[in-house]
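Colleague: Structure of the sequence below:
(chains A and B)
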Amino acid sequence: MTTNAPTQPPTAPPMGRKKKVRGIEGARAWQAFWLLLPTLIAIALVAGFPLYRTIFFSAQEANLTTPDQATFIGFQNFWFTTAEGIGLGFMQDPQWWTAVRNTLIFTVFSVALETVFGMIIALVVNSAFAGRSFLRTAMLVPWAIPTVVSAQMWAYMYNDSFGLIGQGVLGGQALLADSGTAIWAMIAVDVWKTTSFMALLILAGLQSLPGDMYEAADMDGASKWTQFWRMTLPLLRPALLVALVFRSLDALRVFDIMYVMLGANVAASTSMTGYARQQLIDNQLLGTGSAVSVAIFIIIMAIVVIYVTAFRVKFD
Amino acid sequence: MYLKRTNPGMYYLQRTLFYLLVIVITLYLLLPFGWAVLTSFRRATDLFLPPLQFAFAPTTLDNYTQVFANASFRRGLLFSTIVAVGAVAVSLLFGSFAAYALGRFRFRGKQFIMYIILAVSVFPQIAVLGGLFTLITRFNLFDNPIGLMVSYLIFTIPFTVWVLTSFVRDIPGELEEAALVDGASPLQTLFKVLFPVMMPALVTTGLLAFINAWNEYLFALTFMSTNRTVPVVIANYSGASQFDQPWGPIMAASIVVTIPLITLVLIFQRNIVSGLTAGAVKG
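Modeller: Numbers count the residues shown, from 1 in each chain, chains lettered A, B, ... in the order given. Purely as a prediction, here's the structure:
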């Protein structure tokens, strides 16, 4: 990525910059390159090179403790059937597909719910009432709590012998032990934690809408309901879409909540990231784990491209 | 307001429903945390009490003394602080250089670099986990806070660059032009002219990056074994036996690591909201 640095050489010495306009431009481009260099090196070091290594190992049979003894096996980490008919590629592992399905359910429902709740909270906070600034402050609390802490807080509330929800509301049902209910329990935690973030972004969008437009609509006798659907929502669209992209990508790479609340093994069948980490670290399968990571990377990048092209999201 | 005169009944019904909604939202947002705070002050034997009795059971500080007596928790606080502060300091320094270049300079390939940085910020961390792990062990940085700190740059740098760039763009150009005419170098201009103006932005960005680094779990779990950070300590907090989860101390530890964050967030409330929207909505 450093090859993309400005190609113009510093044509003029610093003193000569008043003589030629191009000299100033060239010097500025060169200065910009030096200013960007530390960031570019850091990104190459922590993102570029490790990503290249991951892609490299996805085509190798390799062990985490002895990465130097890797042998090239092509796509066999993804799909490989032995002579005895045993499927060894991760895409032949039903647990991977369970993890994919659960991650998609998690993403779709948590993002949809937090968008609706976030919209409701933002609309409430955007209207005038006593205690408005208090609610605005309270909104920041779930967002400021570390994910691991909120996972433990909810694990405690879900506890079947003394949890506020597990014992108090459900009368001793172990929500987290049953894979059918666990995914919904996870969604509830994520919705609680990130609704405030969504509400903040929507609120920022709401406050940039012109107020006189609503006065005009009131004059014309449009109901609040009509105003919301015909004016607020279409105008919020750009802000809402960008927030949706970022929240969806966050939800797709979910890890902490599930790993802390369900443990390493159940997390591996509940989130794609949990599955990848189990292969990579717990099973020490550097090749297979890297192949899974590459698959997740492709899925996420594909979703970015779909979002950006389908909704024509613009990033400044 | 018309409704108040034309149909007072309807008006007060609407108002009541609205405040009911406000109360429900407030409870939803604050109850889980409030319950955790309450639990952190209760004795282990009282955990089985029904909610109302539990709420009024005797208060104790035992859980807190137990948490602070725990050596791995104290070490966790230390390592979390080292790693998060280090990652934020490096990111602010590099990020402000890059933001200055991206926000104030015109050069070829700028758009491309912006897109690279944006792409890294939507990167799934898992995509680099294996590659980073082999690099970290190769350089003997496993279980070393330096290795963890460097790995955190993957999310703190793109974030600081994006947020700071949008702040730098809003700084009036005259300031910098004046410095340029006086013959100041870009670094002099950045440190002497722009930094003072950017101070609020630097504080906000630093705080948000700090929160992210403080909360990180996947890398901290994978790249450290004995020198755990606080989130890993809290996630692994265990009692005498495998089935005995010491909820009181866990909640106390959780409150201890959360209170500083909440305090900071409440103090810098206004800046945080502008920082979040600059970082998230603009890209």
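Colleague: residues touching B:Ala44, list them.
Modeller: Contact analysis of B:Ala44 by C-beta atoms under 8 Å, 6 or more residues apart in numbering or on different chains lists B:Pro246, B:Trp247, B:Gly248. C-beta: built from backbone N, CA, C; applies to glycine.
Colleague: Considering those residues, which is situated nearest to chain A?
Modeller: Closest to chain A out of the contacts of B:Ala44 is B:Trp247 (5.2 Å), distances taken as C-beta to the nearest C-beta.
Colleague: wait, that closest one sits on A:Tyr158?
Modeller: No: here B:Trp247 does not reach A:Tyr158: they are 11.7 Å apart, not a contact under C-beta atoms under 8 Å.
Colleague: The contacts of B:Ala44 also near chain A: which ones?
Modeller: B:Trp247 (C-beta under 8 Å from any C-beta of the partner chain).
Colleague: Show me the residue of the stretch 101-250 of chain B that gets nearest to chain A, please.
Modeller: Closest point on the stretch 101-250 of chain B to chain A, by C-beta to the nearest C-beta, is B:Gly131, at 3.2 Å.
Colleague: Contact partners for that residue?
Modeller: A:Phe49, A:Pro50, A:Leu51, A:Tyr52, A:Arg53, A:Thr54, A:Phe56, A:Phe57, A:Ser290 are the contacts of B:Gly131 under C-beta under 8 Å, 6+ apart.
Colleague: now do 6 Å
Modeller: Applying C-beta atoms under 6 Å, 6 or more residues apart in numbering or on different chains, one finds that B:Gly131 lies in contact with A:Pro50, A:Arg53, A:Thr54.
Colleague: Then A:Gly172?
Modeller: So A:Gly172 contacts A:Asp160 (C-beta under 6 Å, 6+ apart).
Colleague: what about the residue nearest to B:Arg43 when sequence neighbours are not counted, distance to B:Leu38?
Modeller: Counting by C-beta to C-beta, 6 or more residues apart in numbering or on different chains, B:Arg43 lies nearest to B:Thr60, which is 5.2 Å off, once chain neighbours are set aside. As judged by C-beta to C-beta, to the nearest Å, B:Thr60 and B:Leu38 stand 12 Å apart.
Colleague: repeat for B:Thr222
Modeller: 34 Å.
Colleague: which one of these two has more residues nearby?
Modeller: B:Thr222 (22 against 16; other C-beta atoms under 10 Å in any protein chain shown).
Colleague: Just after the helix or strand hosting the more buried one, pick out the following helix or strand.
Modeller: Using DSSP states H and E, B:Thr222 sits in helix B:218-223. With elements assigned by DSSP H and E, the helix or strand that comes after helix B:218-223 is helix B:230-236.
Colleague: Mind listing what's buried along the helix or strand hosting B:Ala87?
Modeller: When elements are assigned from DSSP H and E, B:Ala87 belongs to helix B:71-104. Within helix B:71-104, the residues scored as buried using 16 or more other C-beta atoms under 10 Å in any protein chain shown are B:73, B:75-77, B:79-80, B:82-84, B:86-88, B:90-92, B:94-104.
Colleague: So for that helix, mean pLDDT?
Modeller: Per-region confidence: helix B:71-104 scores 94 on mean pLDDT.
Colleague: Tell me who's in contact with residue 252.
Modeller: Went with chain A since none was named. Contacts of A:Leu252 (C-beta under 6 Å, 6+ apart): A:Thr107, A:Ile300.
Colleague: The chain in question should be chain B.
Modeller: Contacts of B:Ala252 (C-beta under 6 Å, 6+ apart): B:Ser40, B:Asn63, B:Tyr64, B:Val67.
Colleague: So among these, which ones count as buried?
Modeller: B:Ser40, B:Asn63, B:Tyr64, B:Val67.
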